[in-house]
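1. got a structure for you, letters missing:
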């Protein structure tokens with residue numbers, strides 16, 4: 001069995017399309033866990049209509065928890081399903097999504113399977129997101145529930161935005177049994193109806209530090225469990241540097257964010273990367289500006305200036 005967990009918050013307009021895509025699935029042995037996140041809406045008739053064709057658990061939060069902890073509640077309440085998937089209430093699954101992901105996961109004894117995501121745009125041309133670009137998204141994935149539970153992979157209580165980054169960082173890197181399915185299973189509908197898309201400027205400002213928090217916490221755990229690889233260390237340096245510059249751009253950086261980044265930068269694996277000339281040359285050629293609501297940012301400090309400011313290491317000097 002598969003449990004498809006859907007957090008629901010003020011989305012009466014799109015939940016029908018979401019559930020219609022589940023009603024059309026070629027694999028029928030799954031349950032749908034819908035968790036209403038204390039939004040004051042009445043979904044009674046919609047749930048009643050779709051219960052004719054779908055096995056639906058409808059749960060109501062007694063307070064607004066945000067999408068991450070709402071999904072976590074769905075995980076904590078899961079009792080009978082071997083695999084879990086996450087679906088946003090304004091998105092859809094392709095008709096064979098559950099069948100393809102479940103069959104591929106079972107045949108490969110996988111802990112996590114990722115797939116391609118169709119990005120649908122309301123205004124403008126959409127595209128297909130694939131490969132490593134989908135790593136931070138919950139979309140288009142299936143997770144072995146026992147694997148998540150045994151490894152205590154959970155959504156952080158402190159994070160309301162970008163909650164999927166830390167979750168997937170751990171889910172994809174604590175196991176060596178993760179696979180990519182070369183199929184398009186998920187349709188992300190960028191219709192700007194959700195909270196995270198209605199005010200991109202506000203979202204960028206409030207979510208970037210939370211992304212850094214979760215990402216740094218994830219790196220600390222991976223290092224502790226000896227899962228922080230050379231490749232991931234390089235990616236971490238690029239990610240933390242770019243996100244830090246976005247914080248400066250949005251004028252919302254604080255000692256809190258700096259403290260978290262410092263903890264990550266002094267990890268042994270990260271320090272090894274900072275003392276490797278070839279890695280620094282790679283970073284120098286792959287630093288890319290981050291995207292914010294009003295366009296592309298310019299870096300406020302160079303990579304070496306950033307490292308020196310945070311942990312006092314002069315990487316130009318030690319790598320002469």
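-> Nice, thanks for sending it over. Just so we're clear, the structure is a prediction, and the values are computed from it rather than from any experiment.

2. these two touch, right, residue 183 and residue 113?
-> No: contact criterion C-beta atoms under 8 Å: residue 183 and residue 113 do not qualify, at 10.1 Å. In short, each C-beta sits where N, CA and C put it, glycine included.

3. who has more neighbours, the two?
-> Applying other C-beta atoms under 10 Å to residue 183 and residue 113 shows that residue 113 carries more neighbours, namely 26 against 16.

4. Read off the pLDDT value for that one.
-> As predicted, residue 113 sits at a pLDDT of 98.

5. From residue 27, how far off is it?
-> 14 Å (C-beta to C-beta, to the nearest Å).

6. quick one: low-confidence ranges for this protein?
-> 191-204, 252-257, 289-297 (pLDDT under 70).

7. distance between the lengthiest strand in it and the chain's centre?
-> Ranked by residue count and defined by DSSP state E, the top strand of the chain is strand 178-190. Centroid separation for strand 178-190 versus its chain: 13 Å, with C-alpha atoms, centre = their mean, to the nearest Å.

8. all strands for the stretch 201-320 of the chain, in order.
-> 291-292, 295-296 (DSSP state E, counting those that start in this stretch).

9. Thought residue 314 was touching residue 308, still the case?
-> Yes: Residue 308 is in contact with residue 314 according to C-beta under 8 Å; the separation is 5.7 Å.

10. between the two, which one's more packed in?
-> Set residue 308 next to residue 314 and count neighbours by other C-beta under 10 Å: residue 308 wins out with 16 against 11.

11. Now do the contacts for the more buried one.
-> Neighbour list for residue 308: 314-315 [criterion: C-beta atoms under 8 Å, 6 or more residues apart in numbering].

12. how about a cut-off of 7 Å?
-> Each residue near residue 308 by C-beta atoms under 7 Å, 6 or more residues apart in numbering is listed here: residue 314.

13. Report the separation between it and residue 20.
-> To residue 20, residue 308 is 55 Å away according to C-beta to C-beta.

14. Name the SS class of residue 5, please.
-> The three-state label given to residue 5 by DSSP: H, G, I helix; E, B strand; the rest coil is strand.

15. distance of the closest residue to it other than its chain neighbours from residue 68?
-> Take residue 5 and drop its neighbours on the chain: the residue closest to it by C-beta to C-beta, 6 or more residues apart in numbering is residue 74, 3.6 Å away. Per C-beta to C-beta, residue 74 is found 11 Å from residue 68.

16. and these two? which has more neighbours close in?
-> Neighbour comparison, residue 74 and residue 68: the larger count goes to residue 68, with 25 against 21 (by other C-beta under 10 Å).

17. What is the subsequent helix or strand relative to the host helix or strand of that one?
-> Using DSSP states H and E, the element containing residue 68 is helix 66-77. Moving toward the C-terminus from helix 66-77, the first helix or strand encountered (DSSP H and E) is strand 83-86.

18. Give me the contact list for the next helix or strand after that next one.
-> Sequence order places strand 92-93 as the next helix or strand after strand 83-86, per DSSP H and E. With contacts defined as C-beta under 7 Å, 6+ apart, strand 92-93 is touched by 17-18, 21-22, 25, 87, 185-187, 189.

19. hmm, 8 Å instead?
-> Contacts for strand 92-93 (C-beta under 8 Å, 6+ apart): 17-18, 20-22, 25, 87, 185-187, 189.

20. Tell me which two in those are the farthest apart.
-> By the measure C-beta to C-beta, 25 and 189 form the most distant pair in these, at 17.5 Å.

21. Compare the contacts of strand 92-93 and tell me which is most surrounded.
-> Note: the member of those with the most neighbours is residue 186, at 28 neighbours, neighbours being other C-beta under 10 Å.
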